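>>> Sharing a model that was predicted from the sequence below.
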Amino acid sequence: VELPLRIVKRSLDEPIEPRDYVAFIGEGLRVLVVDDNEINRRFLGALLKRYQCVVQEVDSGWSALAACQQRDFDIVLMDVHMAGMDGMETSKRLKNGGTLSALTPVIAVSADVLKENQAGFAAAGIDGFLAKPLTEELLVMEFRRWFPERCRVTDTEKPTVKSLRRRQDNQIIDRDEGIRLAGGDESLWRESLVAFVNELPALVEKIRIAVHDGTIPFAREIVHRIDGGAAYVAAVALRRAAHELFRTCGAATGGEAHQRLQVLEYEYRRFRDQAHSVLATGGRD
């Protein structure tokens, strides 16, 4: 099936039209996913392939630029905080470097929702913004801004994104929310949970060493990986602890970083134990 593609430059702040797109046709849409976190890439890739998009995943800014030299993509989903060349610099080089995808819309995917930072995205040539954790609803809502021809429209009601329900302060894993974020695919959520549990010990150890050695910027890069992974598997308490440590590392205050690290380690142990229980029983701990 060939559908005409009409790329229209749109503002980051442009409101979504009050129409209900009941279906998105992704068949043949060429999507580049750029993220240095394997769990995030697999999660996004699985959602996109469900819509029959043609997906290529890369793990760095340099790999993204190389891919865009070889292939013309319809849209790029770009993680902002990556080790080495971050998403901002990658987007600048992609737009100004004469690649095949120089005119392709680049959508930032980040937990960094501050308004002033979003203004920086536009200056870097980024065309849109999606906040982590990225849900299927949010993904389709953004895609319909760029590819309205691929949406079937009805006159029913204005679409709304299901808001996150209030969580208890002591909640460790929100299983229902994790499955919802995975587009209702429990097997995808469980696979992501397994992968996240397996990579966490090494990540926590790297953070511990970096904080004690005073290499706070490096610690911040690793904390960002935990923050992103925890968001996608709905590890509520661990994500909250990672987010606070990420903010603290940004302020470069070593003493407070040690305190936040202790909280992160505590929440890591709680998450690890409950994740093992959930994976072993398939229950709703």
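Looks like it came in fine.
>>> State the number of residues packed around residue 86.
Residue 86: 17 surrounding residues under other CB atoms under 10 Å. All C-beta atoms are positioned from the backbone trio N, CA, C, and that covers glycine.
>>> And the pLDDT at it?
Residue 86 carries a pLDDT value of 89.
>>> Work out for me the element residue 67 sits within.
Element membership for residue 67, per DSSP states H and E: helix 61-70.
>>> In its sheet, which strands sit next to the helix or strand just after that helix, and in what direction?
Next along the chain after helix 61-70, taking DSSP H and E as the criterion, comes strand 75-79. Partners of strand 75-79 in the sheet, by DSSP bridges, are strand 30-34 (parallel), strand 106-110 (parallel).
>>> Residues contacting the helix holding residue 67, please?
32, 34, 56, 58, 73, 76, 78, 82, 84-87, 89-90, 93-94, 97, 99-102, 104 (CB atoms under 8 Å, 6 or more residues apart in numbering).
>>> Quick check on those residues: which are buried?
Buried members of the contacts of helix 61-70, scored by 16 or more other CB atoms under 10 Å, are 32, 34, 56, 58, 73, 76, 78, 82, 85-87, 90, 93-94, 99, 101, 104.
>>> Looking at the residues you listed, which are in helices?
87, 90, 93, 94 (DSSP state H).
>>> what's the most distant pair in those?
Largest separation among those by CB to CB: 87 and 93, giving 10.9 Å.
>>> buried residues in the host helix or strand of residue 209?
Secondary structure from DSSP H and E places residue 209 in helix 186-213. Neighbour-count burial for helix 186-213 flags 188-193, 195-197, 199-200, 203-204, 206-208, 210-211 (criterion: 16+ other CB under 10 Å).
>>> May I see the strands paired with strand 75-79 organised as JSON lines, with mean pLDDT and distance to residue 219 added?
Shown next, in JSON lines, are these (pLDDT from 0 to 100; distance: least, CB to CB, whole Å):
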{"stretch": "strand 30-34", "mean pLDDT": "95", "distance to residue 219": "23"}
{"stretch": "strand 106-110", "mean pLDDT": "89", "distance to residue 219": "19"}
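>>> Flag the shaky bits of the stretch 101-250 of the chain, pLDDT-wise.
112-119, 152-170 (pLDDT under 70).
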